[in-house]
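Undergrad: Please find the sequence and the predicted model below.
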Amino acid sequence: MNIQVDDLSGPEIAQLLTEHLNDMHATSPAESVHALDLSGLKKSNITFWTVWENDQLLGCGALKQLDATHGEIKSMRTNNTARNKGVASSLLQHILRTAMEQGMKKISLETGSQNFFEPARRLYQKYGFTECGPFADYKLDPYSVFMSKAL
């Protein structure tokens with residue numbers, strides 16, 4: 001597996017993010033979908049990575065800098081054909097290491113509360129994330145679970 005910073009210009013990542021957004025809209029009301037599209041992920045305070053094996057895109061994820069000491073995980077997604085192969089764990093560990101190297105003291109995320117998101121919540125719990133209240137600009141939402149971890 002090769003994890004690399006991505007400029008979001010390739011057709012493979014456009015397709016994976018389209019699938020991601022489609023799934024988010026299929027499982028949550030529109031006002032409860034917080035996934036970013038391509039343009040949202042190209043902001044200067046976001047670092048976006050893709051995970052590759054040879055020429056096959058396996059997954060993606062991003063780190064959004066909320067302030068000097070607080071980051072947010074965004075757009076974690078594993079390609080359907082690469083599920084249960086350690087892609088998400090490898091990428092999450094990479095993001096956590098990067099956040100620590102950048103001096104962040106806390107990392108947070110928002111994920112869904114529905115059964116569809118149970119594997120994601122289990123992954124985050126495995127790496128020490130615990131539920132918390134809304135952070136940044138988020139509001140309480142029955143379709144959202146907020147989690148954070150001290151680094």
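TA: Sure, I can see it. Residues are numbered from 1 along each chain as shown.

Undergrad: Now do the strands in this protein.
TA: Using DSSP state E, the strands of the chain run over 2-5, 46-53, 56-67, 70-78, 106-112, 130-132, 144-150.

Undergrad: quick one: the fifth one to strand 144-150, angle?
TA: An angle of 160 degrees separates the directions of strand 106-112 and strand 144-150 when computed by axes from the mean of the first three to the mean of the last three CA atoms, to 10 degrees.

Undergrad: Output strand 106-112 as PDB - backbone C-alpha positions only.
TA: Written as PDB, here are the backbone C-alpha positions of strand 106-112 (Å, rounded to 0.1, in the frame of the first residue of the first chain):
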ATOM      1  CA  LYS A 106      -6.700  16.900  19.500                       C
ATOM      2  CA  ILE A 107      -8.400  15.300  16.500                       C
ATOM      3  CA  SER A 108     -12.100  15.100  15.900                       C
ATOM      4  CA  LEU A 109     -14.500  13.700  13.400                       C
ATOM      5  CA  GLU A 110     -18.200  13.500  12.500                       C
ATOM      6  CA  THR A 111     -19.700  10.200  11.300                       C
ATOM      7  CA  GLY A 112     -23.200   8.900  10.900                       C
END
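
Undergrad: residue contacts, the residue of the chain most remote from its centre?
TA: Within the chain, Asn54 marks the point farthest from the mean C-alpha position, 22.4 Å out by CA atoms, centre = their mean. With contact set as CB atoms under 8 Å, 6 or more residues apart in numbering, Asn54 has no partners. Quick note: C-beta positions are derived from backbone N, CA and C, even for glycine.

Undergrad: Please apply the same query to Met147.
TA: Contacts of Met147 were listed using CB under 8 Å, 6+ apart, and they are Ser108, Leu109, Glu110, Thr111, Arg121, Tyr124, Gln125, Phe129, Thr130, Glu131, Cys132.
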